[in-house]
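> Build me a model from this:
(4 chains)
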Protein chains: 2
Amino acid sequence: MMERKVDLRQWLSGADNEFLPHISLDCVVFGFHDGALKILLLKMQNLDQLALPGGFMMREETLEEAAIRTLEERTGLENIFLQQFHVFSDPARNDSATRLEDLKKLGMHPAKLEWFAQRFISVGFYALVEFSRVRPKPDVLSESCDWYSLEERGKLVLDHDQILDTALATLRMQLNHQPVGYNLLPRKFTMPELQKLYETILDKKLDRRNFQRKMLSYGILNVLDEKRTGGAYKAPYLYSFHLRNYQKALRQGLEAGA
Amino acid sequence: MMERKVDLRQWLSGADNEFLPHISLDCVVFGFHDGALKILLLKMQNLDQLALPGGFMMREETLEEAAIRTLEERTGLENIFLQQFHVFSDPARNDSATRLEDLKKLGMHPAKLEWFAQRFISVGFYALVEFSRVRPKPDVLSESCDWYSLEERGKLVLDHDQILDTALATLRMQLNHQPVGYNLLPRKFTMPELQKLYETILDKKLDRRNFQRKMLSYGILNVLDEKRTGGAYKAPYLYSFHLRNYQKALRQGLEAGA
DNA sequence: CCAAAAGTGTTGTTTTTACACCCATGA
DNA sequence: TCATGGGTGTAAAAACAACACTTTTGG
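Numbers count the residues shown, from 1 in each chain, chains lettered A, B, ... in the order given. Here you go, the predicted structure:
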C-alpha cells in the first residue's frame, strides 16, 4: 500500500486521476492533550469552515489503505491505524449551496468542479493518536492543520459534524470492549494519565481505585520500575502497554483476556 | 423512498440506468425456523454458486433505501429493516476469473459486462425476518430464492462468505446490547422459543431461568394471558413485544431500559 | 508541617451463575 | 403413571461501587 501519492494541486488543476467517483472517506482523528480530547481539523484556503481530513479512493487500494494514504497526504500523519465505523450516504450530504463556491475559491479546474458536484457517499474512519508524537502538516490546499477541542471547533463543512458525533459515539461504545490508549498516550504513562483519558472520552469521573483494579485485571499493562519524578507531590508509577496482550485484546475483546 | 423500481432484465440487456458505479450492497437476511438460523440466498440462472441478494445504489437514495429496495426487487421481501455493518473494499473482491463467464451466462449485454467488470466496494447490510411471514420470490435473473442453513449453504460467490461471516459476528456482538426477536418471531411467542432463538444465534446453551429473568428485566415483553395450547406437555405462556419499549431499547441499548 | 496527589484494602450491594423442585400435559 | 417440558426461587460467587487511611513530595 501507499505506492503512489497524489499531487493534490496538480489534480485540482484538472489532471486526470485514478480516483473512483462517488466514494469518499473522512477521518476523525482523536488526540489527547492537556486533559482534553482534541480532533484534527483542516482549514482550507479561503474558506471559513473547518473540515475533517478526507479524500477519495484509488482504483487499486482498499478503503483502509485509502484512509491511511489520505490522512498522510492531508495531515502528514504517517501510518495511523484507522477503523471504519459508518457509511454516510444521504444524497443531500454534499450538495450544500455554498459548496461549489467554496471549491472555486480553492482554484479548482472547472472539469474538476463538475466531478465534485457529483453525489458522494463517505465512509467514516476514526483513529486515536498520541498528541505529542505527531506533527500535523497541512497539505497544499489547506491553510492549517490543527487540533481543536470538541467545544471550540465551530460548525464544520457539509455533514462533518454528524460524522464526528457518530465517531465519538462509536468510540465511547467500544471503550468497554476494546483496549484504548496505546495510540493516545506516550509509551510510558501513569495510571492517573490513563484514567484521565478515559474520563475525557466518557466525559465523566471514575473512581481511582476501581479504575486501577479493572485496568490491571485486563492484563494489558506492564508495571515499570520507574516512577514519574520531577512532578509535584508523590511520584506515580509508570506503566507501558503489554503489546502482545494489548493486541490480543484488540482482536478478541477485553473480556477474553482476563 | 422506493419511488422507482428497476427492471433488471431490461437493465441487463443494456438499457441505461441510474446506478452509481463502484458501489454495491449485499444483504444478509437471517430467518429463524425449525430451531435453526437460516439465510436467504439466490441461485442465479445457469450458475452453480449461491449469492446474497445484492444490488446497486441509485442517484437519489441513501444506502439504506437502496438496501430496502434491492431486497424487495430481488427477493420480494418488503419493507425490511436493514442495518449496515461493514464495507468490503478489497480490490480483488470481485475480479474472480469465473465472474465474467458467469455474467455472460445470465445473458448480459456486452456494455453491461464492462460495467460489471469494474471494481466495486460493497456495503454489507443485515436483517432479521420472521421466517413464516415472508414468502421469498426470486427475481427474473434467479432460479430460486430460498432459505439455507449456515452449514448446508456451500461456497458462495465472490466474497459473500466473508460478508456472511462478518454479519453473523456482528449480530452476535449486538445481541447483548440490542433487543432481538421482533423480526424473527411470530407476534406471540413463548419464552422457550425466544431462548431457542438466542441459543441458535450464539450457538450455545443458556440457562432457562436466568434467561427468563434477564429478558423480563429488560421490560420489553408483555406477558399475555394465553398459553400455547395444543403442544405436548405443559402449556407455556405467550408473550409479545412491548413495541414502545422495544424500540426505545433499539435506539438506546438494552441497559438504559431497565 | 501542610496541601495535594498517589498508593493500597475492605465492605456492602448488585449482578451473574448454578442448581432443584413442583406442575401440567399427552402418550 | 410417566416422561417431558415449563414454571418458579434461592444460595453461592463474582463483579461492581463506595469509601478512608497512609505515603510521598514540594513549598
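> Check the gap between the residue of the stretch 151-258 of chain A found nearest DNA strand D and A:Thr190 for me.
At 3.2 Å from DNA strand D, A:Lys234 is the closest residue in the stretch 151-258 of chain A, using Cβ to the nearest atom of the strand. For glycine as for every other residue, the C-beta is placed from the backbone atoms N, C-alpha and C. A:Lys234 is 11 Å from A:Thr190, where distance means Cβ to Cβ, to the nearest Å.
> wait, what's in contact with the residue of the stretch 151-258 of chain A closest to DNA strand D?
Neighbour list for A:Lys234: empty [criterion: Cβ atoms under 8 Å, 6 or more residues apart in numbering or on different chains].
> same question, the one 5 residues further on
A:Tyr239 sits next to A:Lys188, A:Phe189, A:Thr190, A:Met191, A:Leu194, A:Leu221, A:Asn222, A:Val223, A:Leu224 when contact means Cβ under 8 Å, 6+ apart.
> Show me which of those are buried.
Neighbour-count burial (16 or more other Cβ atoms under 10 Å in any protein chain shown) is assigned, among the contacts of A:Tyr239, to A:Phe189, A:Thr190, A:Met191, A:Leu194, A:Leu221.
> just to revisit the earlier point, now the contacts of A:Tyr239 as a markdown table including distance to DNA strand D, secondary structure and pLDDT?
What follows is the contacts of A:Tyr239, written out as a markdown table (distance: Cβ to the nearest atom of the strand, whole Å; DSSP: H, G, I helix; E, B strand; the rest coil; pLDDT from 0 to 100):
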| residue | distance to DNA strand D | secondary structure | pLDDT |
| --- | --- | --- | --- |
| A:Lys188 | 17 | coil | 94 |
| A:Phe189 | 18 | strand | 95 |
| A:Thr190 | 13 | coil | 96 |
| A:Met191 | 13 | helix | 96 |
| A:Leu194 | 16 | helix | 96 |
| A:Leu221 | 16 | strand | 96 |
| A:Asn222 | 21 | strand | 96 |
| A:Val223 | 16 | strand | 95 |
| A:Leu224 | 15 | strand | 95 |
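> Could you export these as CSV, including distance to B:Ser142?
Output for these, formatted as CSV (distance: Cβ to Cβ, whole Å):
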residue, distance to B:Ser142
A:Lys188, 59
A:Phe189, 56
A:Thr190, 61
A:Met191, 59
A:Leu194, 54
A:Leu221, 54
A:Asn222, 56
A:Val223, 60
A:Leu224, 62
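> and which of these is nearest DNA strand C?
Nearest member of the contacts of A:Tyr239 to DNA strand C, counting by Cβ to the nearest atom of the strand, is A:Met191, at 4.7 Å.
> Just the pLDDT for the closest residue to that closest one other than its chain neighbours.
Sequence neighbours aside, A:Gln212 is the residue nearest to A:Met191 in space, at 5.4 Å (criterion: Cβ to Cβ, 6 or more residues apart in numbering or on different chains). In this model, A:Gln212 is scored at 97, pLDDT.
> show me where the stretch 101-250 of chain A has helices.
A:110-117, A:160-174, A:191-202, A:208-217, A:243-252 (DSSP state H, counting those that start in this stretch).
> Might you quantify the distance of the last one from its chain's geometric centre?
Averaged C-alpha coordinates place helix A:243-252 at 20 Å from its chain's average position (Cα atoms, centre = their mean, to the nearest Å).
> cool, and the first one?
In terms of Cα atoms, centre = their mean, the centre of helix A:110-117 is found 27 Å from the chain centre.
> Does that helix pack against any helices or strands, and if so which?
Here helix A:110-117 touches helix A:99-105, going by 3 or more Cβ pairs under 8 Å, 6 or more residues apart in numbering or on different chains; DSSP states H and E.
> Apart from its chain neighbours, what residue comes closest to the residue in the stretch 1-150 of chain A positioned nearest to DNA strand C?
Closest approach between the stretch 1-150 of chain A and DNA strand C, counting by Cβ to the nearest atom of the strand: A:Gly35, at 11.5 Å. Once flanking residues are discounted, A:Gly35 sits nearest to A:Lys196: 5.5 Å by Cβ to Cβ, 6+ apart.
> Please verify my assumption that the one you found contacts A:Asp34.
No - with contact defined as Cβ atoms under 8 Å, A:Lys196 does not reach A:Asp34; the gap is 10.0 Å.
> Looking at those two, which one has more neighbours?
Comparing A:Lys196 with A:Asp34 by other Cβ atoms under 10 Å in any protein chain shown, the one with more neighbours is A:Lys196, at 18 against 10.
> what separates the more buried one from A:Ala167, distance-wise?
As judged by Cβ to Cβ, A:Lys196 and A:Ala167 stand 20 Å apart.
> that older thread, taking the buried ones among the contacts of A:Tyr239 together, which two end up most distant?
Farthest-apart pair in those is A:Thr190 and A:Leu221; separation 11.1 Å (Cβ to Cβ).
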